[in-house]
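Engineer: what shape does this take:
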Amino acid sequence: MSPRHRSGSSRAATIVVVIADIMAFVLGLWILMYLLDANRANDLVNFVQDAARWLAGWSHDLFTFDEAWARVVAGYGLAALVYLFAGHALANVLRRH
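Structural biologist: Numbers count the residues shown, from 1 in each chain. Now for the predicted structure:
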């Protein structure tokens, strides 16, 4: 394979990893803001909450713990772990080809 092809694959893998890491970071940031009881009237907190809710739309109400903090940590944390695992696995596949 030509070095140029490998460079393109490596660049694509890097982009995938960065996107997955940013998604996981936003979810982790929302968990932290929730646990620290961040001011929900703040624009940044609202933005992070909306982004996290969109990213974890499939998992944020997946668990039915009695405590709200446990539902947030489990639901949003699961989404963050899935994005990290899937993003890094996809990047490894891209690097091999």
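Engineer: quick one: A41 from F47, how far?
Structural biologist: Here the criterion is CB to CB, to the nearest Å. By it, A41 lies 12 Å from F47. All C-beta atoms are positioned from the backbone trio N, CA, C, and that covers glycine.
Engineer: L90 now?
Structural biologist: In terms of CB to CB, L90 sits 27 Å off from F47.
Engineer: same question, M23
Structural biologist: 14 Å.
Engineer: just L32 next, same as before
Structural biologist: 15 Å.
Engineer: once you drop chain neighbours, what's closest to the residue most central in space within the chain?
Structural biologist: What sits nearest the mean C-alpha location of the chain, by CA atoms, centre = their mean, is A24, with 2.3 Å. Among residues not flanking A24 along the chain, A80 sits closest, at 4.2 Å (CB to CB, 6 or more residues apart in numbering).
Engineer: residues in contact with that neighbour?
Structural biologist: M23, A24, L27, G28, I31, A56 (CB atoms under 8 Å, 6 or more residues apart in numbering).
Engineer: recalculate using a threshold of 10 Å.
Structural biologist: Residues near A80 by CB atoms under 10 Å, 6 or more residues apart in numbering: 20-21, 23-31, 52, 55-56, 59.
Engineer: picking that back up, comparing M23 and F47, which residue is more hemmed in?
Structural biologist: M23 (21 against 11; other CB atoms under 10 Å).
Engineer: does that one count as helix, strand or coil?
Structural biologist: helix (DSSP: H, G, I helix; E, B strand; the rest coil).
Engineer: and it, what does it touch?
Structural biologist: Counting by CB under 10 Å, 6+ apart, the residues that M23 touches are A51, A52, L55, A56, A79, A80, V82, Y83, L84, A86, G87.
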